[in-house]
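In: missing the sequence, but the structure's below:
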C-alpha cells in the first residue's frame, strides 16, 4: 500500500458536497491536513465524461504534492509546445509558446473525465469517505455545527463546503435568497473524438500526424480552438460564439453540426473539415452562464463555505476556473488547520479573506481575453500579431497556494479575531504591485 503524507488528526469534521474537481481537491487537502472528511456526490456512478480541461502552472504544484498522481496524468496530458493563431480565413498569424509557464510550474491539460478519474482514485486510495448517490436538498448551521439534508436525513459536522457548481443550493444559505443563473450572451460547442478521419484528410492531417498540436482561428464574436492529444490520436475542439438563448434549469444540450456550420460561414475550409469529421453524437452545445460576483463566499455563522464554481464561475477564456477551485481547497484546508477545532468559523472567514480578491481578479481575465479576440482589429493585428497572445502574467500563474496560505494565515487570523465588522469581505494575498501582504480587514460573525 502507498504511504500518504498526512498531518496528525485535527479533530475537525468536514462535509464536502460535490465530487467535481473543487470538491475532490478540498477533500484531498483536508485529509492531508488531518481533518476528517465526508464527501457527498449525487451521481450514483462517476463516469469519464466531458472534453478538454486545462490546469495552469499555478495548480501544477498542487498535483505534484499528491503522491503518484502526476505519473498517471502525464501519459494522458496534452504536450504541444504552443498555440498557433490564424484569422477566420485560415491565414497564419503567430505562435505563442509556453516557455514562461514552464518556469512557473507544471501545466496539466487533457480529457476532463480521464483527469477527474485519476484524482478521484487518489482520493479513494487515501481512504476518504466518498459517498455516491447522495442527493443534498438543503443546508443548515448553528453556532456549534453545520450540516446538510441528504437523502431526507440530516448530517452534521463542524463545517460544510459547498462544491456543487453554479446551481449549488448552498448559495441560498450564503446569500439569503435564491440566485438564479443568467445567460452570458455566449455559448460553446464542445467535442472530443478519435482523430482517425482527420489523419486521412489532406487539409487536416497536419493537425494530428505529427503528435499533439494546439490551433486557433479567430473571427468576429467567435473563436475556434482545436487540440490534438495523446500523440495526436485523439482530438478536441471548442467554438465560442454569440448566443441569445435563455437559461433555465439546464444549459447543456446535444449539438447540431448544421448550426455549427451556419456559425462558420466564410471560415477556412480546414475548420469546416474538422466539423464534418466530428461524430454527431459527440457534439455538445453548452450555454455559458453568468452570475454577479458574490458579496461573500461564507454563510452568516461562518460554518458553510462556497468553493469553485459555486463561489465564482469562470468563463472558459480565463483558462483558470479549475485551477482557482483547486487553490480554494488548498487554502481552506490550511485556514481550518491553523484556526483549530475550537475556532472553525474563524478558519472559514480566513479562507474568504485570503481568496476573495485574488479569485475575482482572475475571473476578469476571462472577459478581457474573449474581448481581445472577438473584437480584434485585424489591420492592427497584422502589424503586431503577438497582440493575439494570451496574457501570461506572473501574479496569476507564478503562484503556489500552499506556501502562500501558510505565509499569510497567522496574520490574517490575528487581524480577523481582533477586528471589527466591515461591509465588504476582507482580503489578504500578496499584491503584485506591492509585493507584500495587503491590509486585512475583519468581518464580523
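Out: It's in. In this text, all values refer to a predicted model and were calculated from it rather than measured experimentally.

In: could you use CA atoms for every contact and neighbour count after this?
Out: OK.

In: quick one: mean pLDDT for the helix or strand hosting residue 22?
Out: Following DSSP states H and E, one finds residue 22 within helix 21-32. Averaged across helix 21-32, the pLDDT comes to 97.

In: pLDDT on the following helix or strand past it, on average?
Out: Along the chain past helix 21-32, the next helix or strand (assigned with DSSP H and E) turns out to be strand 36-40. The pLDDT scores in strand 36-40 average 98.

In: next one: stretch 340-358
Out: 96.

In: ok, now stretch 254-273?
Out: 95.

In: only the buried residues of that stretch, if you could.
Out: Within stretch 254-273, the residues that count as buried by 16 or more other Cα atoms under 10 Å are 255, 257, 260, 264, 267-272.

In: so what's the residue count around residue 75?
Out: Neighbour count of residue 75, defined by other Cα atoms under 10 Å: 13.

In: how about it, secondary structure?
Out: Look at residue 75: counting by DSSP: H, G, I helix; E, B strand; the rest coil, its state is helix.

In: that one: what's it in contact with?
Out: residue 230 (Cα atoms under 8 Å, 6 or more residues apart in numbering).

In: in terms of pLDDT, where does residue 183 sit?
Out: At residue 183, pLDDT is 65.

In: what of residue 364?
Out: Looking at residue 364, the pLDDT reads 82.

In: what's the separation between it and residue 398?
Out: Applying Cα to Cα, to the nearest Å, the value for residue 364 to residue 398 is 18 Å.

In: likewise for residue 138?
Out: Residue 138 is 38 Å from residue 398, by Cα to Cα.

In: ok, now residue 271?
Out: Taking Cα to Cα, one finds residue 271 at 34 Å from residue 398.

In: do the same with residue 186
Out: Residue 186 sits at a distance of 30 Å from residue 398 (criterion: Cα to Cα).

In: list the contacts of the helix holding residue 22.
Out: Residues outside helix 21-32 that contact it (Cα under 8 Å, 6+ apart): 5-7, 16-18, 36-39, 116, 119-120, 123, 126, 128, 161-164, 307-308, 322, 325-326, 328-330, 332-334.

In: grab the nearest non-local neighbour of the residue nearest the centre of the chain.
Out: For the chain, the residue nearest the mean C-alpha position is residue 322 (1.7 Å; Cα atoms, centre = their mean). Distances taken as Cα to Cα, 6 or more residues apart in numbering place residue 55 nearest to residue 322, at 6.2 Å, with adjacent residues excluded.

In: just how off-centre is the helix or strand that contains residue 149 within its chain?
Out: If you go by DSSP H and E, residue 149 is part of strand 146-150. Chain-centre distance of strand 146-150: 25 Å, with Cα atoms, centre = their mean, to the nearest Å.

In: contacts for stretch 220-231 next, please.
Out: The contact list for stretch 220-231 (Cα under 8 Å, 6+ apart) reads 75-79, 110, 195, 207-208, 210-218, 234-242, 373-376.

In: and these, which of them are buried?
Out: Neighbour-count burial (16+ other Cα under 10 Å) is assigned, among the contacts of stretch 220-231, to 76-79, 110, 195, 207-208, 211-218, 234-242, 373-374, 376.

In: ranges for the strands of the stretch 51-200 of the chain?
Out: Assigned by DSSP state E, counting those that start in this stretch, the strands in the stretch 51-200 of the chain fall at 52-55, 82-87, 92-97, 108-111, 129-131, 136-141, 146-150, 153-157, 159-162, 182-194.

In: quickly find the element holding the nearest residue to residue 316 once chain neighbours are set aside.
Out: Spatial nearest neighbour of residue 316, excluding adjacent residues (Cα to Cα, 6+ apart): residue 366 at 6.7 Å. Element membership for residue 366, per DSSP H and E: helix 344-374.

In: could you pull up the mean pLDDT of the strand holding residue 149?
Out: Mean per-residue pLDDT for strand 146-150: 96.

In: now swap in stretch 413-420 and tell me
Out: Stretch 413-420 shows a mean pLDDT of 84.

In: tell me how the protein divides into domains.
Out: Annotated domains of the chain cover 13-79+112-179+293-379+393-437, 182-290 [automatic domain parsing].

In: winner for burial among these?
Out: domain 13-79+112-179+293-379+393-437 (a mean of 20; mean count of other Cα atoms under 10 Å).

In: tell me how far that one is from the chain's mean position?
Out: With Cα atoms, centre = their mean, you get 9 Å for domain 13-79+112-179+293-379+393-437.

In: I'd like the numbering to begin with 610 instead of 1 from here.
Out: Sounds good: first residue 610 from here, last item domain 622-688+721-788+902-988+1002-1046.

In: what residue ranges in the stretch 660-809 of the chain are flagged as low confidence?
Out: For the stretch 660-809 of the chain, the stretches with pLDDT under 70 are 790-793.

In: my read: residue 803 touches residue 817, true?
Out: No. Residue 803 lies out of contact with residue 817 (Cα atoms under 8 Å); the separation is 10.2 Å.

In: shared neighbours of the two, anything?
Out: 842, 844.

In: so where do the helices sit in the stretch 910-1054 of the chain?
Out: 930-948, 953-983, 987-990, 1003-1006, 1010-1027 (DSSP state H, counting those that start in this stretch).

In: next, the angle from the first one to helix 630-641.
Out: Right, the one you point to is helix 930-948. Helix 930-948 and helix 630-641 are oriented at 30 degrees to each other (axes from the mean of the first three to the mean of the last three Cα atoms, to 10 degrees).

In: tell me the spacing between residue 1006 and residue 670.
Out: According to Cα to Cα, residue 1006 and residue 670 sit 11 Å apart.

In: whoops, I mixed them up, residue 968
Out: 18 Å.

In: could you do residue 887 as well?
Out: Taken as Cα to Cα, the span from residue 887 to residue 670 is 35 Å.

In: closest one to residue 696 among the domains of the chain?
Out: Nearest to residue 696 among these is domain 791-899; the distance by Cα to Cα comes to 5.0 Å.

In: what's the closest non-adjacent residue to residue 782?
Out: Residue 782's closest residue in space is residue 908 (Cα to Cα, 6+ apart), at 6.2 Å.

In: pretty sure that neighbour sits against residue 914.
Out: Yes. With contacts counted by Cα under 8 Å, residue 908 reaches residue 914, the gap being 6.5 Å.

In: identify the contacts common to these two.
Out: By Cα under 8 Å, 6+ apart, residue 908 and residue 914 have these common neighbours: residue 783.

In: list the contacts for residue 617?
Out: Residues in contact with residue 617 (Cα under 8 Å, 6+ apart) are 642-643.
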